[in-house]
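Sequence isn't available, so here's the structure alone:
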């Protein structure tokens, strides 16, 4: 398993594989790997001759108030987990962004965080604008990729700029590694759809595979942030998956009114002391909100348990008329 840290050596490695007639698969991750990530690696091994796993905690998808500094990192542990799967290369760059001379390479967030003494009514967007103005005239990173409509609903409302960061870093990984196929987990459902739309619109010659969400034995969706849950919060968080299964059963039984289904989920989560960010049922591809489950739909949930924000989803199919 080759460990590559520089963009140029990663690109040369991948191109050498292609010259040898190899099909290259990419599994992008932010590390802190769990069984969900490893299921993507297993699928990638079936679809390609060589598999690259990227490990990079992307600063541009965190706001100044989020957990970039505390996000779990364990590169050696990740390498140990990947070794049995015969991964061919791991791309673990120190930094993927161009910096001004006065910026360190520890993350795009650093200059924002250090310079963001927030005024009483200052929003996260205000702080982003302030940081951009401070960089005017410099030579730092200033090019971003947007998927303008799909980035707006769901997580886009509570995490403005998140999908801009995701789309940009994935574009950079695609340009560096030049994979034939890339695999994404459907737990981050909106992210998967954003990447699919970006690839379509920008004519990337890359096949995008969405892989089913993986759950723990108790039903909790696998996530690197689960380690932050206390034992009590983890039990409470099971209300999310429990309510999703209830909705799936209800839809199969012909209950298709979205407001009723959303109320069911909200009641289950709030009764378990969770704080709802959003609960929405949308058309699967466009993420257009629905009033009735009368087409292939997805129920997406984000909720807080303690200081941990969890996301989950389930795809819904309307029952067939008898």
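Yep, that arrived. This one's a predicted model, so the numbers in the text were calculated from it and none came from an experiment.

C-alpha only now, for contacts and for neighbours.
Will do.

which residues of the chain fall in strands?
Assigned by DSSP state E, the chain shows strands spanning 2-4, 24-29, 50-55, 89-91, 181-185, 207-211, 275-283, 297-305, 308-316.

Output the ones you listed as JSON lines; include the columns mean neighbour count and distance to residue 167.
Formatted as JSON lines, the strands of the chain follow (neighbours: other CA atoms under 10 Å; distance: least, CA to CA, whole Å):
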{"stretch": "strand 2-4", "mean neighbour count": "15", "distance to residue 167": "22"}
{"stretch": "strand 24-29", "mean neighbour count": "25", "distance to residue 167": "12"}
{"stretch": "strand 50-55", "mean neighbour count": "25", "distance to residue 167": "15"}
{"stretch": "strand 89-91", "mean neighbour count": "22", "distance to residue 167": "18"}
{"stretch": "strand 181-185", "mean neighbour count": "22", "distance to residue 167": "13"}
{"stretch": "strand 207-211", "mean neighbour count": "18", "distance to residue 167": "14"}
{"stretch": "strand 275-283", "mean neighbour count": "20", "distance to residue 167": "21"}
{"stretch": "strand 297-305", "mean neighbour count": "22", "distance to residue 167": "20"}
{"stretch": "strand 308-316", "mean neighbour count": "20", "distance to residue 167": "19"}
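
want to try CSV for those strands, with mean pLDDT and distance to residue 140 as columns?
As requested, the strands of the chain are exported to CSV (pLDDT from 0 to 100; distance: least, CA to CA, whole Å):
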stretch, mean pLDDT, distance to residue 140
strand 2-4, 98, 24
strand 24-29, 98, 24
strand 50-55, 98, 23
strand 89-91, 98, 23
strand 181-185, 98, 28
strand 207-211, 98, 30
strand 275-283, 98, 34
strand 297-305, 98, 33
strand 308-316, 98, 31
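
nearest to residue 66, of those strands?
strand 308-316 (10.4 Å; CA to CA).

Please identify the pairing partners of that closest one and their relative orientation?
Counting by DSSP bridges, the strands paired with strand 308-316 are strand 297-305 (antiparallel).

Please pull out the lowest mean pLDDT helix or strand from this structure.
In the chain, no helix or strand scores lower on mean pLDDT, DSSP states H and E than helix 108-114, which sits at a mean of 42.

how deep is residue 243 tucked in, by neighbour count?
Neighbours of residue 243 under the rule other CA atoms under 10 Å: 19.

contacting residues for the closest residue to it other than its chain neighbours?
Spatial nearest neighbour of residue 243, excluding adjacent residues (CA to CA, 6 or more residues apart in numbering): residue 265 at 5.2 Å. By CA atoms under 8 Å, 6 or more residues apart in numbering, the contact set of residue 265 is 240, 243, 244, 247, 279.

repeat that with 10 Å
239-247, 271, 276, 279-280, 299, 301 (CA atoms under 10 Å, 6 or more residues apart in numbering).
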